[in-house]
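Asker: sequence-free structure coming up:
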């Protein structure tokens, strides 16, 4: 539990072993976890543990900066102690600053200090591997930092498990995309992906919200990492130049299924909140996606809005 709510009605923040009847499912684990009351032994679940058993430690160096990617959430003081452990190994090599980069390379809940663990508030109770989790991580990251300093191979102890093919996926996959109610785009002579359903206004001004709706496809077909689902483009003498994309704060991308949960049709809203420092001119918005056919083939799609003027 935490200040903003509890997951199980009778388990609140700050309960330590002994506050409730001293009953535990796995006595040998309880001894290792000390103050934590074990509700469910996730590390002993079959056929695979519900908690990671092998995790990576990594340290990167950029000049005088050390980057410490961590596969967990970390409290403020835990982060300070971990950074200090890394710097203790790298200061002789000219590294003067270390930063934590999480969540990276995996996920294993929280890492708290021994003191935070003892009171079993949210972060301490979410520290899965017992009261000395932080100390263990300090030891491992120090080893990696020492190897980095000395220019030798860091010790390789085990490989994280790849359970990609052993997970139960509760979200159903995309069956098919179509620009009309029929299941295949080839059967839709009058509709096509990228058609503009709601056009932009003829003119807009800084601060206005421009919203355009396209016939689209499910975004899970292609996450388009590094390329994006949209571009705001400005006319520069007959050549359109991208001035904003879906990772910019003034844009928003919304997808929705239309026609019911079993329908193959969907629409995409692209919104652009025009910034105050916009360059006046002629603009358009382009949507990018990928459509899945009934037979499982993926096809890139796109749609381009009519142009509009920004004063």
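Answerer: Received the coordinates, thanks. Keep in mind the model is a prediction, meaning the values are calculated, not measured.
Asker: and the helix or strand harbouring residue 87, which residues are buried?
Answerer: Element membership of residue 87 [criterion: DSSP states H and E] is helix 76-90. Buried positions in helix 76-90, judged by neighbour count with 16 or more other C-beta atoms under 10 Å: 78-79, 81-83, 85-87, 89-90. C-beta here means a position set from N, CA and C on the backbone, and glycine is covered the same way.
Asker: farthest-separated two in those residues?
Answerer: Farthest apart among those by C-beta to C-beta are 78 and 90. That separation is 18.8 Å.
Asker: what's in contact with the helix or strand following the helix holding residue 87?
Answerer: Tracing the chain past helix 76-90, the next element assigned as helix or strand by DSSP H and E is strand 97-101. Defining contact as C-beta atoms under 8 Å, 6 or more residues apart in numbering, one finds that strand 97-101 is touched by 64-70, 74, 79, 82-83, 86-87, 90.
Asker: Please name the two of the residues you listed that end up farthest apart in the structure.
Answerer: Using C-beta to C-beta, these reach their maximum pairwise distance at 64 and 74, which is 22.3 Å.
Asker: neighbour count winner among those two?
Answerer: Neighbours per residue (other C-beta atoms under 10 Å) separate residue 64 from residue 74, with residue 74 holding more: 24 against 12.
Asker: In the sheet, which residues pair with that one? Tell me.
Answerer: residue 111 (DSSP bridges).
Asker: quick one: it and residue 135, what's the gap?
Answerer: Distance, residue 74 to residue 135, by C-beta to C-beta, to the nearest Å: 13 Å.
Asker: so how far does stretch 156-165 reach from one end to the other?
Answerer: One end of stretch 156-165 to the other measures 25 Å (C-alpha to C-alpha, to the nearest Å).
Asker: What segments of this protein are helices?
Answerer: For the chain, applying DSSP state H gives helices covering 27-33, 76-90, 114-119, 122-125, 133-150.
Asker: Next, the buried residues of the first one.
Answerer: Think helix 27-33. So, applying 16+ other C-beta under 10 Å, buried residues of helix 27-33: 30, 33.
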